[in-house]
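coordinates only, sequence not included:
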């Protein structure tokens, strides 16, 4: 770790190598597009390389590295979807949303009951974890999980019946 922090690239590569598979999995869970995963992994490694001299607790390296990956994935999602307003504001937009697919998703979500729509929007479009949604809407995690299940089930019906066209 000390050699890597001092600028030894080979030492950094050896330091990171045991975590590469887990890092790729974590990034894959955070983003959808495969080609973006490589970019996020590269960005993560560059940030870790630059910040490694500031890491004061070397035994926390794995969590620190995965934290950088989470932040890079979040920044990527924000760059990929820069304009997203909560559903109750979407109808007031003067300009169209960034792409037709996002418009279709919002259209479909609007047709769901409010609680189900809110949970799905926060989880799938905003990236909130179930626990945070539960706290935000004053519901149990089980209730939020059911709402997400129900949103998926209803959206599948929506798409399968061609009601979005």
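Nice, I can see it. Every value quoted in this text rests on a predicted model; they were computed, and no experiment measured them. Numbering: from 1, shown residues only.

And the helix or strand hosting residue 16, what's buried?
Assigned by DSSP states H and E, residue 16 belongs to helix 9-16. By neighbour count on 16 or more other CB atoms under 10 Å, the buried set for helix 9-16 is 11-12, 15-16. In this view, the C-beta of every residue, glycine as well, is placed from N, C-alpha and C.

Check stretch 145-155 too.
145, 147-148, 150-151, 154-155.

Let me have the residues you listed in CSV, extended by pLDDT, secondary structure and distance to residue 63.
What follows is the buried residues of stretch 145-155, written out as CSV (pLDDT from 0 to 100; DSSP: H, G, I helix; E, B strand; the rest coil; distance: CB to CB, whole Å):
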residue, pLDDT, secondary structure, distance to residue 63
145, 92, helix, 26
147, 91, helix, 31
148, 88, helix, 27
150, 90, helix, 34
151, 87, helix, 32
154, 84, helix, 37
155, 80, helix, 35
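
Make TSV from those and add distance to residue 134 to it.
Output for the buried residues of stretch 145-155, formatted as TSV (distance: CB to CB, whole Å):
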residue	distance to residue 134
145	9
147	10
148	11
150	15
151	15
154	20
155	21
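
pLDDT-wise, which helix or strand of the chain ranks last?
None of the helices or strands of the chain scores lower by mean pLDDT, DSSP states H and E than helix 87-90, at a mean of 42.
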